[in-house]
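Q: coordinates only, sequence not included:
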């Protein structure tokens, strides 16, 4: 894996934007961002991305800027 010096890769950045668009659905965000049509693979990618501190930091920034409301992530 390429060294990113703590910065988001292009795909990680796209993933965070797709996550916002899809109301926190990581699998849908991964399906849109990464080269896969497989639901299980997309789910694994989403899980891996959401475990990354730099992705969590980006999502925190989005929340703090009011771009995404926490209730959108938790509402059904």
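A: Sure thing, it's come through. Computed from a predicted structure; not experimentally measured. Numbers count the residues shown, from 1 in each chain.

Q: tally of neighbours for the residue lying closest to residue 50 once chain neighbours are set aside?
A: Distance criterion Cβ to Cβ, 6 or more residues apart in numbering; nearest residue to residue 50, sequence neighbours excluded, is residue 26 at 5.8 Å. All C-beta spots, glycine's among them, are computed from the backbone N, C-alpha and C. Using other Cβ atoms under 10 Å, residue 26 has 19 neighbouring residues.

Q: same question for residue 60.
A: Applying other Cβ under 10 Å, we find 10 residues neighbouring residue 60.

Q: so where's the protein uncertain?
A: Flagging of the chain using pLDDT under 70 yields the residue ranges 1-4, 67-76.

Q: hey, where'd the helices end up in it?
A: In the chain, the helices defined using DSSP state H lie at 10-21, 26-33, 39-51, 53-64, 70-74.

Q: does the residue nearest to residue 50 touch residue 48 like I think?
A: No - between residue 26 and residue 48 there is no contact under Cβ atoms under 8 Å: 9.7 Å.

Q: which ones are touching the residue nearest in space to the middle of the chain?
A: The centroid of the chain falls nearest to residue 16 when counting by Cα atoms, centre = their mean (3.5 Å). By Cβ atoms under 8 Å, 6 or more residues apart in numbering, the contact list for residue 16 reads 8, 29, 55, 58-59, 62.

Q: recalculate using a threshold of 6 Å.
A: 58-59 (Cβ atoms under 6 Å, 6 or more residues apart in numbering).

Q: for it, give its distance to residue 55.
A: Using Cβ to Cβ, to the nearest Å, residue 16 is found at 6 Å from residue 55.

Q: what do you get for residue 10?
A: When residue 10 is compared with residue 55 (using Cβ to Cβ), they lie 13 Å apart.

Q: neighbour-wise, which of those two wins?
A: Higher neighbour count among residue 10 and residue 55: residue 55, with 20 against 8, using other Cβ under 10 Å.

Q: I'd say the more buried one and residue 49 touch.
A: Yes - between residue 55 and residue 49 there is a contact under Cβ atoms under 6 Å: 5.0 Å.

Q: returning to that earlier point: tell me the most buried of the helices of the chain?
A: Among the helices of the chain, helix 26-33 has the highest mean neighbour count (mean count of other Cβ atoms under 10 Å), at a mean of 20.
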